[in-house]
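In: predicted model and sequence below, questions to follow.
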Amino acid sequence: IKEYRRAARGSCDLGRVLEVEQFMCWVLEKEPEKGQLQFCLGLINFLCKEDYVRALADFQGFVTRANRADFEKEIEVAKGYVSTINRELSSGD
């Protein structure tokens, strides 16, 4: 989580971000059990691309699919992002 946040605080090279995103989506397509990548995609979409709608879907998908025993902290962080994004989206109406 810290590394994604640190990377997002720097300048996000959109080309590189899109490559990483495409790769993660490809892996998820081939190996759907790697749902933790949805958390990573949520961070990319929220922090780098500021695509709140896509980030919301990614975080919600992660929370729904993730094994609480393996990803307890990440689930709580994702829920926090879901709340933040929902506030952002509702304030933009």
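Out: Received, thanks.
In: so which residues of this structure form helices?
Out: Using DSSP state H, the helices of the chain run over residues 2-9, 14-30, 36-43, 52-65, 68-91.
In: helices or strands next to the last one in the packing?
Out: Right, helix 68-91. Under the contact criterion of 3 or more C-beta pairs under 8 Å, 6 or more residues apart in numbering; DSSP states H and E, helix 68-91 touches helix 36-43, helix 52-65. Bear in mind the C-beta positions are built from the backbone N, C-alpha and C, glycine included.
In: what sits against E88?
Out: Y52 (C-beta atoms under 8 Å, 6 or more residues apart in numbering).
In: which of the helices and strands packed on helix 68-91 sits most buried?
Out: Greatest average neighbour count among the helices and strands packed on helix 68-91 goes to helix 36-43 (a mean of 22), per mean count of other C-beta atoms under 10 Å.
In: in a markdown table, list the helices and strands packed on helix 68-91 along with distance to L14 and mean pLDDT.
Out: Below are the helices and strands packed on helix 68-91 laid out as a markdown table (distance: least, C-beta to C-beta, whole Å; pLDDT from 0 to 100):
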| stretch | distance to L14 | mean pLDDT |
| --- | --- | --- |
| helix 36-43 | 15 | 93 |
| helix 52-65 | 14 | 96 |
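In: of the ones you listed, which is nearest R6?
Out: Among those, helix 36-43 comes nearest to R6, with 11.1 Å by C-beta to C-beta.
In: K34 reaches F23, doesn't it?
Out: No. Applying C-beta atoms under 8 Å as the test, K34 and F23 come out as separate, 11.9 Å apart.
In: kindly reformat the helices and strands packed on helix 68-91 as a markdown table containing distance to K2.
Out: Formatted as a markdown table, the helices and strands packed on helix 68-91 follow (distance: least, C-beta to C-beta, whole Å):
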| stretch | distance to K2 |
| --- | --- |
| helix 36-43 | 11 |
| helix 52-65 | 17 |
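In: measure I85 to L37 for me?
Out: Computed as C-beta to C-beta, to the nearest Å, the I85 to L37 distance reads 18 Å.
In: what's the answer for K30, then?
Out: Counting by C-beta to C-beta, the gap from K30 to L37 is 11 Å.
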